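K.L.:
Structure for this input, please:
(one chain, ligands or ions: 1)
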Amino acid sequence: MSEITGRRSGRAFTSQPVDDELINLILEAGRLAPSCANTQAWNFLVLKDKTSLQQAHPALSRGNAWGKDAPLMIIVTAKEDGGCPAHGLPYFMMDVGLAVENMLLQAVHLGLMGHPTAGWDEAVLKQTFAIPDEYRIVTVIFLGHPRMRDELPPEQAEREFKPKERRPLSEIVHWNSW
Ligand SMILES: Cc1cc2nc3c(=O)[nH]c(=O)nc-3n(C[C@H](O)[C@H](O)[C@H](O)COP(=O)(O)O)c2cc1C
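P.N.:
Down below sits the predicted model:
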């Protein structure tokens with residue numbers, strides 16, 4: 001599926017805002033994700049106004065300063081006890097992950113780019129946006145229109161469009177028995 005092969009966590013966004021219609025399609029893709037016993041532990045906090053985006057920027061890690069160029073951020077939160085308790089595993093994390101991937105693929109489908117991150121200060125974001133204590137921030141997705149390869153200086157273009165590095169199937173797949 002071209003959305004899967006075309007998805008990438010790029011860092012170069014144009015300044016063009018994302019239309020509300022597209023934002024809603026992305027949120028809807030998250031909402032439709034599967035979750036353990038249909039618990040749907042996710043909540044999405046959308047930052048699209050300049051003031052809100054600017055309020056979030058001091059919480060970003062130094063390595064994620066590129067995120068300040070994104071015209072849209074979605075803070076993905078969940079309650080730690082919001083998923084199902086099977087096997088003693090924190091299934092809410094899997095459920096949220098599925099929702100996030102749905103959103104990332106929908107973004108690609110719409111000609112946008114989404115970049116999930118873990119590099120930010122959770123306490124600062126929670127305080128800034130009045131996120132209730134019982135919610136954890138699982139990820140912050142930066143979204144926007146991607147800048148094209150020929151719009152970037154050669155070195156940045158190389159970093160931005162570098163081929164995917166993945167372990168081969170022969171290392172990760174076990175057939176019939178481990
Ligand atoms: C949970 C999670 C946290 C991540 N955190 C960051 C981050 O803080 N900063 C960043 O630049 N990329 C972050 N990434 C992006 C990964 O580095 C990226 O997905 C990985 O290198 C594979 O590249 P690709 O998404 O372009 O295929 C994160 C990805 C995930 C799934």
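K.L.:
which residues sit in contact with residue 42?
P.N.:
By CB atoms under 8 Å, 6 or more residues apart in numbering, the contact set of residue 42 is 30, 33, 35, 76-78, 95-96, 99. All C-beta spots, glycine's among them, are computed from the backbone N, C-alpha and C.
K.L.:
could you dump the residues you listed to JSON lines with distance to the ligand?
P.N.:
Shown next, in JSON lines, are the contacts of residue 42 (distance: CB to the nearest ligand atom, whole Å):
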{"residue": "30", "distance to the ligand": "15"}
{"residue": "33", "distance to the ligand": "15"}
{"residue": "35", "distance to the ligand": "17"}
{"residue": "76", "distance to the ligand": "10"}
{"residue": "77", "distance to the ligand": "14"}
{"residue": "78", "distance to the ligand": "13"}
{"residue": "95", "distance to the ligand": "14"}
{"residue": "96", "distance to the ligand": "10"}
{"residue": "99", "distance to the ligand": "13"}
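K.L.:
now that we have those residues, which one has the most neighbours?
P.N.:
In terms of neighbours by other CB atoms under 10 Å, these top out with residue 96 at 27 neighbours.
K.L.:
and this structure, which residues reach the ligand?
P.N.:
8-9, 64, 116-119, 139, 164 (CB under 6 Å from any ligand atom).
K.L.:
need the strands for the chain, in chain order.
P.N.:
Using DSSP state E, the strands of the chain run over residues 42-47, 72-79, 113-117, 135-144.
K.L.:
Just send those strands back as TSV, with mean pLDDT too.
P.N.:
Formatted as TSV, the strands of the chain follow (pLDDT from 0 to 100):
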stretch	mean pLDDT
strand 42-47	98
strand 72-79	97
strand 113-117	98
strand 135-144	98
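K.L.:
quick one: low-confidence parts of the protein?
P.N.:
The chain contains no residues with pLDDT under 70.
K.L.:
longest helix in it, by residue count?
P.N.:
helix 91-109 (DSSP state H).
K.L.:
Packing partners of it?
P.N.:
helix 2-6, helix 20-31, strand 42-47, strand 72-79, strand 113-117, strand 135-144 (3 or more CB pairs under 8 Å, 6 or more residues apart in numbering; DSSP states H and E).
K.L.:
so which of these comes closest to residue 176?
P.N.:
helix 2-6 (26.2 Å; CB to CB).
K.L.:
then that closest one to CSV, C-alphas only?
P.N.:
What follows is helix 2-6, C-alpha atoms only, in CSV (Å, rounded to 0.1, in the frame of the first residue of the first chain):
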residue,chain,number,x,y,z
SER,A,2,1.6,3.3,-1.1
GLU,A,3,0.6,5.1,2.1
ILE,A,4,2.7,2.6,4.1
THR,A,5,5.8,2.8,1.8
GLY,A,6,5.3,6.6,1.4
